[in-house]
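Q: Pasted the sequence and its predicted model underneath.
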Amino acid sequence: MEKPKHLIIRKNPVVIIKNLIFFEFLGYAAFLAAGALADYGEIYGRLSISGIVSYQVAEFAFIILAEIFITLSIFLNWFFESYEITDEKIAYSKGIFFKEKKAVSFNDVVSVSLEYGVVGRLFDYGSILIKDASSSLKLRLNHISFPGRYISFIKKMRDRVSMEIKRKLSSNGFLESPEAVLAQAENENFEFKTTMRWDVKAGQVNRQLEKAVMKTIAAFLNSSGGWVVVGIDDSKNVVGLEGDYRSLPRQNADGFENHFTSVFNSAVGPEFRRFIKLHFKKIGDREICIAEVSQGDKPAYVKFDNTEEFYVR
């Protein structure tokens with residue numbers, strides 16, 4: 001895939017106008033408040049410069065200088081605040097002398113969405129929200145002109161990074177050496193699931209766990225593919241498939257795969273089953289299942305409890 005060029009994004013210039021109006025109003029209110037407490041003319045008359053420059057001229061000069069300072073400060077703050085999209089991350093930078101910086105790796109980006117205000121809809125500017133797998137807000141790109149045009153660009157960069165991660169995962173040999181799975185970190189293309197259907201805490205079957213597995217697989221189908229490892233929890237403790245096996249009529253890998261296929265065909269659709277390969281491996285004396293998911297050829301929806309939902313990474 002061809003690498004997109006780096007991109008610098010600045011806030012819509014209407015932000016300058018909004019800030020000018022705000023600080024003009026604030027400055028004028030402060031000027032009136034101070035004037036009510038003190039007589040500017042009397043104070044100025046005590047200064048030695050009052051014999052050279054009249055109060056009216058000095059007042060006019062002060063207002064002009066204050067206007068220049070406010071305008072220049074607002075413009076420079078706008079100019080030195082930007083978002084930069086590079087090959088691997090989105091970086092935020094703000095500040096003239098003391099820089100405030102923040103960066104988010106595309107490896108952490110799961111969802112990208114738009115948010116408009118009332119004024120933003122009129123002038124077509126809004127905010128781009130970048131979230132991670134836990135739906136936590138990682139970065140907010142505020143007051144961006146024509147934000148819709150950047151969504152596809154950000155997704156293209158994210159998908160490129162995801163493909164690179166997937167290629168690395170595919171070539172790391174953990175199918176030959178399952179212990180290597182434990183060296184992986186959850187990311188855009190890799191996720192651990194403790195079990196397929198057996199609720200370890202409740203000690204019984206929990207269909208919500210099956211739904212969670214199907215949601216992740218559907219999201220991989222709708223994105224660039226990925227790997228779902230069943231039998232290892234988020235802390236990388238090897239739980240194994242024994243609980244799942246005990247809950248099935250055929251208590252082995254074949255029974256697990258048959259049940260997986262049955263749930264998958266019902267929840268997602270048999271036409272997508274060809275995009276998934278199940279690999280059963282052992283770590284120590286416990287068996288795990290590695291679901292290898294390829295990108296689908298059309299949108300995949302998850303159907304549970306008379307509802308149909310669409311998921312994407």
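A: That came through, no problem. Numbering: from 1, shown residues only.

Q: And the strands in the stretch 51-200 of the chain?
A: Here the stretch 51-200 of the chain has its strands, by DSSP state E, counting those that start in this stretch, at 82-85, 89-94, 100-105, 111-115, 125-131, 137-145, 190-193, 198-199.

Q: In a markdown table: those strands, plus mean neighbour count, mean pLDDT and distance to residue 24.
A: The C-beta positions use only the backbone N, C-alpha and C, and glycine is treated the same way. Listed next are the strands of the stretch 51-200 of the chain as a markdown table, based on neighbours: other CB atoms under 10 Å; pLDDT from 0 to 100; distance: least, CB to CB, whole Å:
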| stretch | mean neighbour count | mean pLDDT | distance to residue 24 |
| --- | --- | --- | --- |
| strand 82-85 | 18 | 87 | 25 |
| strand 89-94 | 18 | 87 | 22 |
| strand 100-105 | 12 | 82 | 25 |
| strand 111-115 | 15 | 82 | 27 |
| strand 125-131 | 19 | 86 | 21 |
| strand 137-145 | 18 | 85 | 19 |
| strand 190-193 | 21 | 92 | 52 |
| strand 198-199 | 18 | 92 | 61 |
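
Q: Pipe the ones you listed into a markdown table and attach distance to residue 253 per row.
A: Listed next are the strands of the stretch 51-200 of the chain as a markdown table, based on distance: least, CB to CB, whole Å:
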| stretch | distance to residue 253 |
| --- | --- |
| strand 82-85 | 44 |
| strand 89-94 | 40 |
| strand 100-105 | 36 |
| strand 111-115 | 34 |
| strand 125-131 | 36 |
| strand 137-145 | 38 |
| strand 190-193 | 16 |
| strand 198-199 | 15 |
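
Q: Quick one, which of the ones you listed gets closest to residue 25.
A: strand 137-145 (19.3 Å; CB to CB).

Q: What helices and strands are in contact with the closest one?
A: Other helices and strands packing on strand 137-145, by 3 or more CB pairs under 8 Å, 6 or more residues apart in numbering; DSSP states H and E, are strand 89-94, strand 100-105, strand 125-131.

Q: Strand partners (parallel or antiparallel) of the first one?
A: I take that to be strand 89-94. Strand pairing for strand 89-94, determined by DSSP bridges: strand 82-85 (antiparallel), strand 100-105 (antiparallel).

Q: Would you mind giving the ones you listed as TSV with distance to residue 26 added?
A: Below are those laid out as TSV (distance: least, CB to CB, whole Å):
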stretch	distance to residue 26
strand 82-85	25
strand 100-105	22
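
Q: quick one: which of the ones you listed is nearest residue 58?
A: Closest approach to residue 58 among these is made by strand 100-105 (37.1 Å; CB to CB).

Q: Great, nothing more from me.
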